[in-house]
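Student: Fold the following, please.
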Amino acid sequence: FKGNVEASKSNAFFLSFCTFVGTGTLALVLSNSPLNNIGPIEIGSWYYLMTLSAPFAGLYYWNNAPKEDEVRVRLQTTDDELETEVTVQAPKEKLEIFMRTMNYNEKGMVRVKGILPDQFI
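Tutor: The predicted structure follows:
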């Protein structure tokens, strides 16, 4: 199975916001530091222009986030058709979701219930 994973608008906006806050904080620190003068040039509050780069972080995410995921599934039944072995090749996150949803265990492994309910994982 192949499928496309789309970019998320909320992730792009959140990344832009975090970049804006991060560069704004860096500008605040730099404007209060003794680096306000570079030779005869006084920089002062020009450090805050770095915050204008924040939308480019979201744009970079938006252009590079879409990807194609591939999941391979193979079913094998025993001769007496009492057991079916499912072999799945997928990214780790997708495999964990599949195992939790179908309540499957890895071959030879036993699932031990944790302290927290599954809704928090």
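
Student: If you count neighbours, what's buried in stretch 57-74?
Tutor: If you call a residue buried by 16 or more other C-beta atoms under 10 Å, then stretch 57-74 has these buried ones: Ala57, Gly58, Tyr61, Trp62. Backbone N, C-alpha and C define where each C-beta goes, glycine included.

Student: Out of these, which sit inside helices?
Tutor: Among the buried residues of stretch 57-74, the ones falling in helices (DSSP state H) are Ala57, Gly58, Tyr61, Trp62.

Student: Would you confirm that Val73 belongs to a strand?
Tutor: Yes. Checked against DSSP: H, G, I helix; E, B strand; the rest coil, Val73 lies within a strand.

Student: Please convert the ones in helices among the buried residues of stretch 57-74 to CSV, extending it with pLDDT.
Tutor: Output for these, formatted as CSV (pLDDT from 0 to 100):
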residue, pLDDT
Ala57, 94
Gly58, 93
Tyr61, 92
Trp62, 92
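
Student: List the contacts of the lowest-mean-pLDDT helix or strand in the chain.
Tutor: The weakest-scoring helix or strand in the chain, judged by mean pLDDT, DSSP states H and E, is strand 37-38 (a mean of 71). Identification of contacts with strand 37-38 by C-beta atoms under 8 Å, 6 or more residues apart in numbering yields Ile43.

Student: Walk me through which strands it pairs with, and which way each runs.
Tutor: strand 41-42 (antiparallel) (DSSP bridges).

Student: Return the distance of the least confident helix or strand of the chain from the chain's centre.
Tutor: How far strand 37-38 lies from its chain's middle: 39 Å, per C-alpha atoms, centre = their mean, to the nearest Å.
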